[in-house]
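>>> only geometry, no sequence info:
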């Protein structure tokens, strides 16, 4: 057993800042800007984490009483998280434009010398705050296409997911974790609030090749496409478990660790799917592929989809490779003439 004296000599671990600095060599095109942007995201997440933890004490839980661009009931913490992240990213100076779930149009930050574009869902699952369920932030980073020093344009922000240079999420739960990839593996950092630092807790994260968990809103199953119903039926017969929290980040995070598949298909209510391509599907698809999994809309690799608008919706099947391949196979069978 390690005594108290020995435990004090153990290293604290690698901080997020130190990890980012050590891995800057992966990006010969960058001269520190991407590293600074990741630090800005981490800073904003610490502030949002604080606001979430005291939401009930300062009356920032519940609905604002208005709808966002998606036609969804906007929560007070949606607004808080959007403001915190937008300010941190703008003040950091590395991003020339932002796409946010909470804004109709692209945000021109005024940083026209910035090399990067950021897409974000500032607070995914925010309606669960009132009942103390885990929520998260999702982010995606691209290099701009327009000349540096000029205002950003629509082509800068409408890039397909395969062009991402970094993506990840922050999970605000029993512990707060930042999980991200820059195309060289997936790494998870756990927040130590007493020190105000993220520490590397999960290196080279890999999703199991298969699993026994499926995550979807089964209340809508009667309107799911037949291929999806077939996959679910087969998994049920194999003894799989249904686990659905209703916070995308939380469901994704669990399946990343345990193996499984998250499914949000097109339905009668949402014929194009519900999740947004640019700041939900693309970043999670990039991350899951780096962890050894797959992401598809049923017929196409998510990262290959050409976006046509900022808030484009898309069906999503993401998770363990073998389970996602089942979905693709069922869609292929459905296209074969009887």
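Thanks, I have the structure now. Keep in mind that what you see is a predicted model, and the values were worked out from it rather than measured.
>>> the top helix by length along the chain: which residues count as buried?
For the chain, the helix with the greatest residue count under DSSP state H is helix 33-53. Within helix 33-53, the residues that count as buried by 16 or more other Cβ atoms under 10 Å are 33-35, 37-49, 51-52. All C-beta spots, glycine's among them, are computed from the backbone N, C-alpha and C.
>>> for it, name the packing helices and strands.
Judged by 3 or more Cβ pairs under 8 Å, 6 or more residues apart in numbering; DSSP states H and E, the packing partners of helix 33-53 are helix 16-22, helix 76-92, strand 116-124, strand 135-143, strand 164-172, strand 176-181, strand 186-192.
>>> low pLDDT regions in this structure?
By pLDDT under 70, the low-scoring segments of the chain are 1-12, 26-31, 55-75, 336-338.
>>> go again with 90.
1-13, 20-32, 51-80, 125-133, 173-174, 268-269, 335-338 (pLDDT under 90).
>>> which residue is nearest the middle of it?
residue 138 (3.4 Å; Cα atoms, centre = their mean).
>>> measure that one to residue 279 for me?
Distance of residue 138 to residue 279, given as Cβ to Cβ, to the nearest Å: 6 Å.
>>> and for the two, which residues touch both?
Common contact partners of residue 138 and residue 279 (Cβ atoms under 8 Å, 6 or more residues apart in numbering): 120, 121.
>>> just to revisit the earlier point, how far off centre is the longest helix of the chain?
Centroid separation for helix 33-53 versus its chain: 14 Å, with Cα atoms, centre = their mean, to the nearest Å.
>>> now the angle from that helix to strand 116-124?
Here the directions of helix 33-53 and strand 116-124 differ by 10 degrees (axes from the mean of the first three to the mean of the last three Cα atoms, to 10 degrees).
>>> start at 121, not 1
Got it, the first residue is 121 from now on, which makes the last one we talked about helix 153-173.
>>> relative to helix 196-212, how tilted is helix 153-173?
150 degrees.
>>> from residue 312, how far out is the residue nearest to the centre of the chain?
Distance of residue 258 to residue 312, computed by Cβ to Cβ: 23 Å.
>>> just say helix, strand or coil for residue 232.
Following DSSP: H, G, I helix; E, B strand; the rest coil, the label given to residue 232 is coil.
>>> what is the burial count for it?
Neighbour count for residue 232, taken as other Cβ atoms under 10 Å: 16.
>>> contacting residues around it?
216, 268, 269, 270, 271, 272.
>>> which residues touch the residue nearest to the centre of the chain?
Contacts of residue 258 by Cβ under 8 Å, 6+ apart are 240, 241, 244, 288, 289, 368, 369, 399, 400, 403, 404.
>>> hmm, try it at 10 Å
221, 239-244, 287-290, 368-369, 372, 396, 399-404, 407 (Cβ atoms under 10 Å, 6 or more residues apart in numbering).
>>> go on, residue 402?
Each residue near residue 402 by Cβ under 10 Å, 6+ apart is listed here: 239, 258, 260, 262, 279-284, 287, 396, 415, 422-423, 425, 427, 434.
>>> please apply the same query to residue 210.
Applying Cβ under 10 Å, 6+ apart to residue 210 gives the contacts 160, 216, 218, 227, 228, 229, 230, 231, 234.
>>> and the two most separated of those residues?
160 and 228 (17.4 Å; Cβ to Cβ).
>>> ok, back up a step: let me know which of the helices and strands packed on helix 153-173 is tucked in deepest.
Each of the helices and strands packed on helix 153-173 was assessed for mean neighbour count using mean count of other Cβ atoms under 10 Å. The highest is strand 236-244, with a mean of 27.
>>> show me which residues of stretch 216-229 are buried.
Using 16+ other Cβ under 10 Å as the test for burial, stretch 216-229 gives 216, 217, 218, 219, 220, 221, 222, 223, 226, 227, 229.
>>> no, scratch that, I was asking about stretch 377-389
379, 380, 381, 382, 383, 384, 385, 386, 387.
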